[in-house]
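Enquirer: Structure for this input, please:
(one chain, ligands or ions: 1)
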Amino acid sequence: MGSTLGGAETGQKTDNWTLIKRLLRFAWQFRTRCLLVIVLQSLILCLTIGSVNLAGVAIDYLKVHLTGSGDLVWPLGIEPPPGTDPFHVILGIGLCVGLFAILRAILEYYNELSRSLLIHVDIVLRLRGLVYEKMQRLSFRFFDKNASGTLINRVTSDVQSTRAFIDQVVVQVFVMSVSLIVYLGYMLSYHVPLTLACLVTTPILAYASTWFAKKLRPNYLKNSELMDRMVLNFSESMQGIQMIKGFALEKLREKDFEEQTQAVRNKRQEIFWLTSNFAPFVGGLTQINLIVLLAYGGYLVIQGQLPLGTGLVAFAALLQQFSNQVANLAGIADSVQQSLTGARRVFEVLDAPVEIQSPENPVPLEKIQGEIRFEDVTFGFDPDRSILRNIDLEAKPGQIIAIAGATGSGKSQLMSLIPRFYDPEEGRVLLDGHDLREIDVKTIRRNVGIVFQENFLFSNSIAANISFGNPSATREQIEKAARIACAHDFIMAMPNGYDSILSESGSNLSGGQQQRLAIARAVLLEPSILLLDDPTAAIDPETEHEIMAAIDSAISGRTTFIVAHRLSTLRRADQVIVLDRGEIIQRGHHNELMQQEGLYRSAVQLQAIDPDSMALIAEAERRQR
Ligand SMILES: Nc1ncnc2c1ncn2[C@@H]1O[C@H](COP(=O)(O)OP(=O)(O)OP(=O)(O)O)[C@@H](O)[C@H]1O
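Expert: Predicted coordinates for the structure are as follows:
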């Protein structure tokens, strides 16, 4: 799906006009349905004027019939045959008004239908699709910077606000302009000075609308921010419900949520206060017009300069319609501000640069051997603080590289550079001798199996979870992967075996079972490279050996990077890398490292190779030095 909203405003605050031009370009693709809505609304308008005019004709006819004086102008020159019974004439006009009303009702039905399709089917689905598709392509840095609350809001309520620009601004402005022109034209054709006198309040109205729009803008922005916070709080509370209950913090979280809801409520109230004050103000101003009409128009009728029915009465009805349209200004100004705030936030997502992209001409790689090399790699989240510094390392195909180090020393970040979740700031990472930036991103990721400390499982069948990376995998392939990951037996013990449906996030499985499914998922890809980021960290010691058995069979024949704190894994590794504050401070086989003085030997001797203990030992050693 290509972005039709694309523009050059990336990363910078766009002014309202640029935003409006861009929204109009977006609206252009819905021109047919917009046009249909406009045509229907215009026909409804014509019928309204027709009815008003016919009612005026009926009054004038009665007046002429009763007083025997005055002129009567029949619409389109169609007049009843001479000698027709006056009652039949009035009845005929009444039937025409009734027919117009039926036609109007039919058109209003189609108008409502077209508007709903335009809004809910065309615009909202299209916009949501664009935002969702873009979010799938965005790199990790984007998600590091944007909390999930703001992202959820951008896909949901901001998209809704943005679409308001089309149906509540573009279409409404058009309909309002056409109505105003037609009403004005009709009124001017009857009496120019009276029309001008009736519009004396218009400049005040225009000024007030601008003031109102300016007042609303910051309020809508703040409202979106407060909503983001509220949604984030809610989604975190749902995800961390176990933790909240475990610490008996329900009341505290409830209070937090209530405060945030209250803040949203207060902001909304401010907005409602503004809008509900503006609407009666506009209504009041338009009533002044009616007073002018009655005084001046009444005088003209008495003087015989204006017909009563098609003049004063029709004028009053049209002025009322005119005023209703003008009163819409408040709603339109409100929609403009709301939709521009939403659109700005939607465009921020659509314009966010996709940092990690495949090159235009990627190097063709037939078969990946799995050789990984880091050459003088430096990496950080912000330019002033490097997380990894001057990393050089090499893993030959099929080798096991164990990574040990204190908590926060950069173990996970080092691994995250291999599937190109991030690019290094300096230096390069090579796969089979090619810089990762020269290889197609999909090729890299299909050849890298990853098992994290905690893995996300979808509320789908076990088979679908295992074949997540390759949905077309056969049942045999899925079972083979599950057997390698030592998961087959527990899966078969479940009521529906591989077709058993997992609860949200796999919560009906134990931690060890979840990890084994994650290993099966990684193995199914038959990757040349396996990244195991401390897969036993969140597992109790009893289950740990089951996971280790799964890992042992999974890593055979693959280049494996494993964050490890088990001696057996470290001994088995071809190379152990010891990280401290983003730098490799020791490297070599376990036996070699045990010959050297340093953090590794101290940690092994104290049987404290886990990241927390290594952090303490590293700190103690630094103090000694
Ligand atoms: N998204 C992020 N934005 C900014 N800093 C980050 C981000 N992710 C990690 N860091 C920082 O990078 C450093 C290294 O983190 P990393 O997760 O690689 O450590 P680790 O050695 O794997 O730790 P642990 O053993 O606790 O898992 C830490 O100081 C951490 O605060």
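Enquirer: isn't Lys215 right up against Leu274?
Expert: Yes. In terms of Cβ atoms under 8 Å, Lys215 counts as a neighbour of Leu274; the distance is 5.8 Å. (C-beta placed from N, C-alpha, C; glycine too.)
Enquirer: So which residues of this structure form strands?
Expert: In the chain, the segments counted as strands under DSSP state E are 372-382, 385-395, 400-405, 426-431, 434-435, 448-451, 529-533, 559-563, 575-580, 583-588.
Enquirer: Switch the ones you listed over to a markdown table; also include mean neighbour count and mean pLDDT.
Expert: Listed next are the strands of the chain as a markdown table, based on neighbours: other Cβ atoms under 10 Å; pLDDT from 0 to 100:
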| stretch | mean neighbour count | mean pLDDT |
| --- | --- | --- |
| strand 372-382 | 17 | 93 |
| strand 385-395 | 17 | 93 |
| strand 400-405 | 26 | 92 |
| strand 426-431 | 20 | 95 |
| strand 434-435 | 16 | 94 |
| strand 448-451 | 26 | 89 |
| strand 529-533 | 24 | 91 |
| strand 559-563 | 26 | 93 |
| strand 575-580 | 24 | 93 |
| strand 583-588 | 17 | 92 |
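Enquirer: which residues sit in contact with the closest residue to the ligand within the stretch 151-300 of the chain?
Expert: Of all residues in the stretch 151-300 of the chain, Leu151 sits closest to the ligand, with a separation of 15.1 Å (Cβ to the nearest ligand atom). Listed by Cβ atoms under 8 Å, 6 or more residues apart in numbering, the contact partners of Leu151 are Met135, Phe143, Val349.
Enquirer: Quick one: which of these is the most crowded by neighbours?
Expert: Top of the contacts of Leu151 by neighbour number is Val349, holding 21 neighbours under the definition other Cβ atoms under 10 Å.
Enquirer: So that residue is in contact with Gln136, correct?
Expert: No. If you go by Cβ under 8 Å, Val349 and Gln136 don't touch, sitting 11.3 Å apart.
Enquirer: quick one on the thing from earlier: sort out which one of the contacts of Leu151 lies nearest the ligand for me.
Expert: Each of the contacts of Leu151 was checked against the ligand using Cβ to the nearest ligand atom; the closest is Phe143, at 8.5 Å.
Enquirer: Quick one: residues contacting the residue nearest to Ala573 when sequence neighbours are not counted.
Expert: Setting aside the residues directly before and after it, Ala573 is nearest to Ala402 in space (Cβ to Cβ, 6 or more residues apart in numbering), at 3.6 Å. Contact analysis of Ala402 by Cβ under 8 Å, 6+ apart lists Ile562, Val563, Ala564, Thr569, Leu570, Arg572, Ala573, Gln575, Val576, Ile577.
Enquirer: Out of the contacts of Leu151, name the ones that lie in helices.
Expert: Of the positions in the contacts of Leu151, Met135, Phe143, Val349 sit in helices, assigned by DSSP state H.
Enquirer: Just list the residues touching the second one, thanks.
Expert: Looking back up the chat, that one is Phe143. Taking Cβ under 8 Å, 6+ apart as the test, what Phe143 contacts is Leu151.
Enquirer: just Leu593 next, same as before
Expert: By Cβ under 8 Å, 6+ apart, the contact set of Leu593 is Val576, Val578, Gln586, Arg587, Tyr600, Arg601.
Enquirer: The ligand: which of these is nearest?
Expert: For the ligand, the closest of the contacts of Leu593 turns out to be Val578, at 11.3 Å, with distances computed as Cβ to the nearest ligand atom.
Enquirer: Roughly how far does the nearest residue to the closest one once chain neighbours are set aside sit from Leu570?
Expert: Setting aside the residues directly before and after it, Val578 is nearest to Gln586 in space (Cβ to Cβ, 6+ apart), at 3.9 Å. In this structure, Gln586 and Leu570 are separated by 12 Å, where distance is defined by Cβ to Cβ, to the nearest Å.
Enquirer: Can you pull the residues that touch both of those two?
Expert: Val576.
Enquirer: Domain map for the protein?
Expert: Taking automatic domain parsing as the reference, the chain has its domains at 23-351, 456-526.
Enquirer: so how far does stretch 362-378 reach from one end to the other?
Expert: As for stretch 362-378, its first-to-last residue distance stands at 24 Å under the measure Cα to Cα, to the nearest Å.
Enquirer: That one and the ligand, any residue contact?
Expert: No. Counting by Cβ under 6 Å from any ligand atom, the ligand is not contacted by stretch 362-378; separation bottoms out at 13.1 Å.
Enquirer: now that stretch, how far from the chain's geometric center?
Expert: 35 Å (Cα atoms, centre = their mean, to the nearest Å).
Enquirer: contact partners of that stretch?
Expert: Identification of contacts with stretch 362-378 by Cβ under 8 Å, 6+ apart yields 386, 388-398, 414, 417-418, 424-434, 438-440, 443, 447, 528-529, 558-559, 561.
Enquirer: ok so, going back, closest one to the ligand out of the contacts of Ala402, please.
Expert: Of all the contacts of Ala402, the one sitting nearest the ligand is Val563; the distance, using Cβ to the nearest ligand atom, is 6.5 Å.
Enquirer: Leu388 versus that closest one, what's the distance?
Expert: Distance of Val563 to Leu388, computed by Cβ to Cβ: 14 Å.
Enquirer: same question, Lys267
Expert: 42 Å.
Enquirer: How about Thr341?
Expert: Computed as Cβ to Cβ, the Thr341 to Leu388 distance reads 39 Å.
Enquirer: Could you tell me which residues make contact with Val200?
Expert: Contacts for Val200 were tallied using Cβ under 8 Å, 6+ apart; they are Ile288, Asn289, Val292.
Enquirer: so what pLDDT did it get?
Expert: Per-residue confidence at Val200 stands at 82 (pLDDT).
Enquirer: Could you point out which residue ranges in the stretch 51-200 of the chain have low pLDDT?
Expert: Counting by pLDDT under 70, the stretch 51-200 of the chain contains low-confidence ranges at 70.
Enquirer: how about CSV for the contacts of Ala402, with distance to Asn53 added?
Expert: Listed next are the contacts of Ala402 as CSV, based on distance: Cβ to Cβ, whole Å:
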residue, distance to Asn53
Ile562, 85
Val563, 82
Ala564, 88
Thr569, 90
Leu570, 93
Arg572, 94
Ala573, 92
Gln575, 92
Val576, 93
Ile577, 88
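Enquirer: and the longest helix for the chain?
Expert: Among the elements of type helix in the chain, defined by DSSP H, the one spanning the most residues is helix 250-292.
Enquirer: what is the rounded mean pLDDT of that one?
Expert: 85.
Enquirer: Let me see the contact set for Asn447.
Expert: Taking Cβ under 8 Å, 6+ apart as the definition, contacts of Asn447 comprise Ile368, Gly370, Leu431, Leu525, Pro527, Ser528, Ile529.
Enquirer: what's the farthest-apart pair in the residues you listed?
Expert: In the contacts of Asn447, the most distant members under the criterion Cβ to Cβ are Leu431 and Leu525, with 15.2 Å between them.
Enquirer: For His565, the count of nearby residues, please.
Expert: 20.
Enquirer: Enumerate every residue touching it.
Expert: Applying Cβ under 8 Å, 6+ apart, one finds that His565 lies in contact with Ala404, Asp534, Ile609, Asp610, Pro611.
Enquirer: and which of the contacts of Ala402 is nearest to Ala333?
Expert: Sorting these by how near they are to Ala333, with Cβ to Cβ, puts Val563 at the top with 56.7 Å.
Enquirer: gap between the residue nearest to the closest one when sequence neighbours are not counted and the ligand?
Expert: Spatial nearest neighbour of Val563, chain neighbours left out: Asp534 (4.2 Å); criterion: Cβ to Cβ, 6+ apart. Applying Cβ to the nearest ligand atom, to the nearest Å, one obtains 6 Å for the distance of Asp534 from the ligand.
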